[in-house]
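> give me the fold of what follows.
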Amino acid sequence: MVEVDRVFQEQDPQGTPAALLDGRPVHSSACTTPGRWEDVLHG
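Presented below is the predicted three-dimensional model:
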């Protein structure tokens, strides 16, 4: 399992949950913190 976690971390250093908006990465906290997603959408 540790090897799999290392590979995933290399492929996706931001971690999960993660998102892209218009090709730009969105910090994972925006996916889990109430109100943050609205902040990202409205700029």
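
> start to end distance for stretch 28-41?
One end of stretch 28-41 to the other measures 14 Å (C-alpha to C-alpha, to the nearest Å).

> over to stretch 14-24?
End-to-end distance (C-alpha to C-alpha), stretch 14-24: 12 Å.

> okay, Val26 and Asp5: tell me how far apart.
22 Å (C-beta to C-beta, to the nearest Å). C-betas here are computed from N, CA, C, even on glycine.

> more crowded one of these two?
Neighbours were counted for Val26 and for Asp5 using other C-beta atoms under 10 Å; Val26 has more, 18 against 9.

> specify the beta-bridge partners of the more buried one.
Following DSSP bridges, Val26 is listed with bridge partners Ala19.

> would you agree it is in contact with Val40?
Yes - if you go by C-beta atoms under 8 Å, Val26 and Val40 touch, sitting 5.4 Å apart.

> list the residues that contact both of those two?
Here Val26 and Val40 have no joint contacts, going by C-beta atoms under 8 Å, 6 or more residues apart in numbering.

> and Ala19, what does it touch?
Listed by C-beta under 8 Å, 6+ apart, the contact partners of Ala19 are Pro25, Val26, Ser28, Ala30, Cys31.

> correct me if wrong: Gln14 contacts His27.
Yes - judged on C-beta under 8 Å, Gln14 makes contact with His27 at a distance of 7.3 Å.

> Glu38 sits in which helix or strand?
Per DSSP states H and E: Glu38 is located in helix 36-41.

> list just the nearest of the contacts of Ala19 to Glu10.
Pro25 (15.7 Å; C-beta to C-beta).

> just for the protein, where's the confidence low?
15-18 (pLDDT under 70).

> longest helix in it, please.
helix 2-11 (DSSP state H).

> what's that helix packed up against?
Under the contact criterion of 3 or more C-beta pairs under 8 Å, 6 or more residues apart in numbering; DSSP states H and E, helix 2-11 touches no helix or strand at all.

> quick one: which of the contacts of Ala19 is nearest to Gln9?
Ser28 (13.1 Å).

> where's the closest one relative to Pro13, distance?
11 Å.
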